[in-house]
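S.K.: missing the sequence, but the structure's below:
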């Protein structure tokens, strides 16, 4: 069955790249609505569907844009939270051009969703089954979708900084794996990149409270890492959010090697450009139990813990 949030939930913070104060609300929506973002600061307000074909290329975040040039950036963490909690219908209002970064992970968004609760809706759910392998490459980096009976994510990264180095992780995303394994992993960057980004008008809202900053073998962020492999976990979090822009749950194995937002979007475009590579599938109860959001209502008591982890960034 489809699902939405039981009530409105509000978040406030700053944009990672703009540094501007912004407020976001996740609101209930009817069946077959999908995830739609609304720029509430504009008059009239502008709606931006959270779909792969509304994404414009961007390496450092996922950016929605309509035909009139209206944009909304850094949507990947809230999209990951919605996908990871099995929310299929929601109106997400934002009073600015960028989603608040909060603590740099999806944990605050997940906590808010669990606190208000998940409402099952009297409408069947469809998934997108990948029928044959689709791949995109750029140099040594690649992203691939191949057939599977549920969503799996396999990611590999390799950085010269010893604090990150080579990391690889594979997860079956069913039954709350996103909440247990990925939701609290924060965005990261190298100290050497911060000055460059800020000269280019980026990372203006970045702090040690909403990002893991590394310098060689040192982790500069107070408190250190939440996981020894937090970097690759965050890349998997990002991939979860970017894959949710397919518009429905994916039955596929995603493999990413040094992949990023733009490459994952290119992968979705390649998938949907090939009608023989995918098909719609009506979800049986058994299939629904293998989706990322299955059983997450049981994690309700953890909402307070997830919220507490992010309080320092609010």
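M.R.: That came through, no problem. This one's a predicted model, so the numbers in the text were calculated from it and none came from an experiment.

S.K.: count the residues that sit near residue 132.
M.R.: Around residue 132 there are 12 other residues, counting by other C-beta atoms under 10 Å. In this view, the C-beta of every residue, glycine as well, is placed from N, C-alpha and C.

S.K.: what about it, distance to residue 147?
M.R.: Look at residue 132 and residue 147: by C-beta to C-beta, to the nearest Å, they are 7 Å apart.

S.K.: quick one: contacts of stretch 149-162?
M.R.: For stretch 149-162, the surrounding residues in contact (C-beta atoms under 8 Å, 6 or more residues apart in numbering) are 164-174, 190, 214-217, 231-232, 235-236, 239-240, 243, 249-259, 287, 290-292.

S.K.: out of these, which end up buried?
M.R.: Taking 16 or more other C-beta atoms under 10 Å as the criterion, what is buried in those is 164, 167, 169, 171-174, 190, 214, 231-232, 235-236, 239-240, 243, 249-259, 287, 290-292.

S.K.: in strands, which of those fall?
M.R.: Counting by DSSP state E, those place 167, 169, 171-172, 190, 214, 250-257 in strands.

S.K.: which of the helices or strands spans the residue nearest to residue 263 when sequence neighbours are not counted?
M.R.: Spatial nearest neighbour of residue 263, chain neighbours left out: residue 143 (4.8 Å); criterion: C-beta to C-beta, 6 or more residues apart in numbering. Using DSSP states H and E, the element containing residue 143 is strand 141-147.

S.K.: just list whatever residues bridge to residue 157.
M.R.: Counting by DSSP bridges, residue 157 forms beta bridges with residue 167.

S.K.: from the ones in strands among the buried ones among the contacts of stretch 149-162, which has minimum pLDDT?
M.R.: When those are compared by pLDDT, residue 190 scores lowest at 84.

S.K.: and that one, what does it touch?
M.R.: 159, 161, 213, 214, 215.

S.K.: got it, and residue 18?
M.R.: So residue 18 contacts 73, 96, 97, 98, 204, 205 (C-beta under 8 Å, 6+ apart).
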